[in-house]
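Undergrad: Here's my sequence, what's the structure:
(chains A, B and C)
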Amino acid sequence: MIEAFLALFPAAVLAQAPAIMVAAPMLGAALATVLPGGRPAWVVALFCSLITAVFAFVLLFQTWGGEVISYAMGGWAPPLGIEFRIDGLNAPVLLLLGVLSLLGVIFALPSVADEIAPRKQSLFYATFLVCLTGLIGVTSTGDAFNMFVFLEISSIATYILVAMGAEQDRRALTASFNYLVLGTIGATFFVIGVGFLYMATGTLNMHDMALRLVELDDNRVVQVAFAFVIVGLGLKAAMFPLHVWLPNAYSFAPSFVTAFLASTATKVAFYTLIRFIFDVFSVEAPFVSAAFVWVIAALGVIGMIAASVQANFQTDARRLLAFSSVGQLGYMLLGLGIGTAAGVTAGVLHLLNHALMKGALFMALGVFAIRYGVRSINDLRGLGRTMPATASAFSVAGLSLVGIPMTVGFVSKWYLVSAALDRGWWWAVAAIAVSSLLALGYVGRLLASIWLQSPPERALMAAKDRIPVMMLAPMWVLAIANVWFFFDATPIVELARGAAEAALAGAPR
Amino acid sequence: MVELIAERFAYGVIIILMMTGLYAVVASANLVKRMVGLGLFQTSVFLLYITISKVLGGAPPILEYPFPATPDETVYSNPLPHVLILTAIVVGVATLAVGLALVVRIREAYGTIEDGAINEADYALDTERAGR
Amino acid sequence: MNPHMVLRVVSKLLIPIIIVFGLYVHFHGDYSPGGGFQAGVLVAVGVMLYALIYGVEEARRAVPPWTVRAGAALGVLVFAGVGVASWILGGNYLEYEVLHPDTAYKAGQHLGIILVEIGVLLTVFSVILAIFYAFAGRAPDIPDEEW
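TA: Model (predicted):
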């Protein structure tokens, strides 16, 4: 089947796939800027994300089985030129980006038409495409400084997308401003780290850097660079104590933006963390292996408990899910902190699964919002009776978040627990159990409000009579995927395993 | 001791600038001042890159036609960090523009750009909604 | 008599020079320091000076906001289009060598850089001006007495 799919494309196109992934949304963004209205711009966005999704599959199949694609941008051979490097680790992330941006764009048309002023819509889609360009660039580039540039391209576009929520609630502006300040500090920390690495190694190509860093284990410049890179990327990924920008940004952004960001942006930042910790720095170096236990695993555990506790006290549904995102990131960090192949597999697996869950949950909240304009948990009451289908999809994804069997959340927790047990980390297993109970608490509050309470009077006055099928379809795809990949977990687990192998293989040493 | 400080003089300046910027970001309540601090913080990193590109006694790295057939013995300064910083400056300009645009919008929405006043306005809104 | 006569006369002399100097910097970009980014800012500064002296409304008549938006998009399209052209000619994305057969003097490199820089010039000029319009358009005009 893989050969049949790849045979659809001429060899010249296959060879250019990494560049097409980045160039398509960039061209689309320029085109969408000059288009008159929201709908033509949406068609461009749809077309670009379709190309992205198709070529994400192409790259995935090309790298299946441990192949590494090295693409010399501009024909300048690496390590001097900028290299796009696709291996088993970033191909699944690219796939996630492609598929979720496609589903997101389908969801976007009615949602954006409802939330964004018509004359801003074409620029909105252009900004979205710029953000997508940046995210794809971060994921596929093999050059550390290039990664910073793409990271900032996507981040700056994200600040604007978040601020577009100001038409509903002016607090989107302050949320976006705080995100901008913290995001820029994070990116600057990252670039300081890259500068130190460049000082120590004389190269910016990450693969080349990894080869040279092997001999620099006790170099203090490298150790400082490690600290700066971890803090910088941790800020972008909303690692626990550095997550303060995330709840507000998620709760005041437009629905589509929240669904898209929650399922892709922090995931990409998390991928960069994996790339640096495992691939660029040598895992055997004492300062890196110390960081596994005392920084990454410890912060992961603290984060998944503390953020879940905070989630239990929220009144706004999106804010609750935002805190839950920080908590769920703790699981992924714990997977990394375990440091074994099984641990990284669990981390990447949860990364993919969490994108499925949060995508479905935020899309369902978007559907509730477009129908009744509801946002707080109190307003959700009785939706199980008035909108049973959407409420069911929401519940499926919510249960997946808790990790109930029959959902994909159970699979990743299973792998995480077994990886922790392999290393004898009982405390981590206990923390996972506590955090899952807390998750049951906050998801239970949402579900109780939806299913058990009776609808208020004004719920009968719907803002819109019919919910566009374009919003429901992507939500259902993601909700069903949450169940499907429990019964047929092989593809998603294989993706994660391939990623872990690629991450741990690193430079030959 | 003097030699040690003299050798690392540039780093000292960079660290002072960086900490000044970071302090301004954290400590000032005025949003524009925060953007100024952020700009200072970024600029210090640009200086860090420029500093590491200088090679003592190095010539400007520009070649003229005809290019020498064999690599000559001349020591050149490293041009790469300059190029990187040109890109980083563009990123900084874009960030500054977006940040200031947000400040303008915040000023239009809240009538103030002081952090405390904004929080008070939002808190008042929240309590009003809760009381409703 | 207009109170800003000196400013008006001097700026009328300066603006063309600024713009020509911007283009000079631009067309040196392929073999010496210079290039589209600096040039774009310089040319935009010419228009900004015009706006400062004659008012933002006049500048908006000279360079309407829609051209700014279109220019920004066109610049990116030119840049990305050079990459597409190098695909069609059989190279990697933005591989300038394939654009021209003469390799002795790296004609392809020069051609590619000039083309890309034209895109950069357009985008930077437009974006800088768009930022200026966005900020200047919101502030109240300063009355003459307060100069």
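Undergrad: Pretty sure residue A:435 sits against residue A:304.
TA: Yes. Residue A:435 lies in contact with residue A:304 (C-beta atoms under 8 Å); the separation is 4.3 Å. Quick note: C-beta positions are derived from backbone N, CA and C, even for glycine.
Undergrad: just so I have it, where are all the helices in chain B?
TA: B:2-7, B:9-27, B:31-53, B:80-110, B:115-131 (DSSP state H).
Undergrad: and residue 23, how many neighbours?
TA: In the absence of a named chain, this looks at chain A. Residue A:23 sits with 21 neighbouring residues when counted by other C-beta atoms under 10 Å in any protein chain shown.
Undergrad: that answer is for a different chain, and I need it for chain C
TA: With other C-beta under 10 Å as criterion, residue C:23 counts 13.
Undergrad: show me the contacts for it.
TA: C:39, C:43 (C-beta atoms under 8 Å, 6 or more residues apart in numbering or on different chains).
Undergrad: Next: residue C:120.
TA: C:35-37, C:40, C:75, C:79 are the contacts of residue C:120 under C-beta under 8 Å, 6+ apart.
Undergrad: Phi and psi next, for it.
TA: With angles defined as degrees, to the nearest 10, residue C:120 sits at phi -60, psi -40.
Undergrad: go on, residue C:102?
TA: phi -70, psi 110.
Undergrad: How about it: what's its closest non-neighbour residue?
TA: residue C:108 (7.3 Å; C-beta to C-beta, 6 or more residues apart in numbering or on different chains).
Undergrad: That neighbour: how many residues sit nearby?
TA: If we define neighbours as other C-beta under 10 Å, then residue C:108 has 21 of them.
Undergrad: ok, now residue C:10?
TA: For residue C:10, using other C-beta under 10 Å, the count is 13.
Undergrad: quick one, what contacts it?
TA: Taking C-beta under 8 Å, 6+ apart, one finds nothing in contact with residue C:10.
Undergrad: now do 10 Å
TA: C:4, C:49, C:53 (C-beta atoms under 10 Å, 6 or more residues apart in numbering or on different chains).
Undergrad: Tell me which helix or strand the nearest residue to the first one once chain neighbours are set aside sits in.
TA: Setting aside the residues directly before and after it, residue C:4 is nearest to residue C:53 in space (C-beta to C-beta, 6+ apart), at 6.7 Å. Secondary structure from DSSP states H and E places residue C:53 in helix C:36-54.
Undergrad: Return the list of helices and strands in contact with that helix.
TA: Where contact means 3 or more C-beta pairs under 10 Å, 6 or more residues apart in numbering or on different chains; DSSP states H and E, helix C:36-54 is packed against helix B:80-110, helix C:5-27, helix C:56-62, helix C:65-88, helix C:107-136.
Undergrad: Tell me which of the ones you listed sits most buried.
TA: Mean neighbour counts were compared across those using mean count of other C-beta atoms under 10 Å in any protein chain shown; the top stretch is helix C:107-136, at a mean of 21.
Undergrad: For stretch A:231-241, list the C-alpha coordinates in PDB.
TA: The C-alpha trace of stretch A:231-241 is given here as PDB (Å, rounded to 0.1, in the frame of the first residue of the first chain):
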ATOM      1  CA  VAL A 231      14.200  26.800  29.800                       C
ATOM      2  CA  GLY A 232      13.600  28.500  26.400                       C
ATOM      3  CA  LEU A 233      11.900  25.500  24.800                       C
ATOM      4  CA  GLY A 234      10.200  24.700  28.100                       C
ATOM      5  CA  LEU A 235       8.500  28.100  28.000                       C
ATOM      6  CA  LYS A 236       7.300  27.500  24.500                       C
ATOM      7  CA  ALA A 237       6.000  24.100  25.400                       C
ATOM      8  CA  ALA A 238       4.400  25.300  28.700                       C
ATOM      9  CA  MET A 239       6.400  23.000  30.900                       C
ATOM     10  CA  PHE A 240       4.900  23.300  34.400                       C
ATOM     11  CA  PRO A 241       6.300  26.300  36.200                       C
END
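Undergrad: Go through that stretch and flag the buried ones.
TA: A:231-240 (16 or more other C-beta atoms under 10 Å in any protein chain shown).
Undergrad: ok so, going back, could you tell me which residues touch both of residue A:435 and residue A:304?
TA: A:327-328, A:330-331, A:334.
Undergrad: For residue C:55, grab phi and psi.
TA: Dihedral angles (degrees, to the nearest 10) for residue C:55: phi 100, psi 150.
Undergrad: my bad, residue A:405
TA: phi -50, psi 160.
Undergrad: Let me know how buried it is, in neighbour terms.
TA: So residue A:405, with other C-beta under 10 Å, has 11 neighbours.
Undergrad: got the contact list for it?
TA: By C-beta under 10 Å, 6+ apart, the neighbours of residue A:405 are A:399, A:411, A:413-414, A:486.
Undergrad: let's go with 6 Å and repeat that
TA: Residues counted as contacts of residue A:405 (C-beta atoms under 6 Å, 6 or more residues apart in numbering or on different chains): none.
Undergrad: gap between the spatially closest residue to residue A:36 that is not a sequence neighbour and residue A:115?
TA: Nearest non-adjacent residue to residue A:36, counting by C-beta to C-beta, 6+ apart: residue A:122, 6.9 Å away. Per C-beta to C-beta, to the nearest Å, residue A:122 is found 15 Å from residue A:115.
Undergrad: pLDDT at the residue nearest to the spatial centre of chain B, what is it?
TA: Nearest to the mean C-alpha position of chain B, counting by C-alpha atoms, centre = their mean, stands residue B:42 at 1.2 Å. pLDDT for residue B:42: 94.
Undergrad: now it: how far from residue B:35?
TA: Residue B:42 is 11 Å from residue B:35, by C-beta to C-beta.
Undergrad: what does residue A:149 give?
TA: Look at residue A:149 and residue B:35: by C-beta to C-beta, they are 21 Å apart.
Undergrad: Next: residue A:436.
TA: In terms of C-beta to C-beta, residue A:436 sits 42 Å off from residue B:35.
Undergrad: what about the residue nearest to residue C:4, how many residues close to it?
TA: 18.
Undergrad: From chain A, how far out is it?
TA: Residue C:53 sits 30 Å away from chain A, going by C-beta to the nearest C-beta, to the nearest Å.
Undergrad: residues from chain A in reach of chain C?
TA: A:19, A:23, A:26-27, A:30, A:33-34, A:72, A:74-75 (C-beta under 6 Å from any C-beta of the partner chain).
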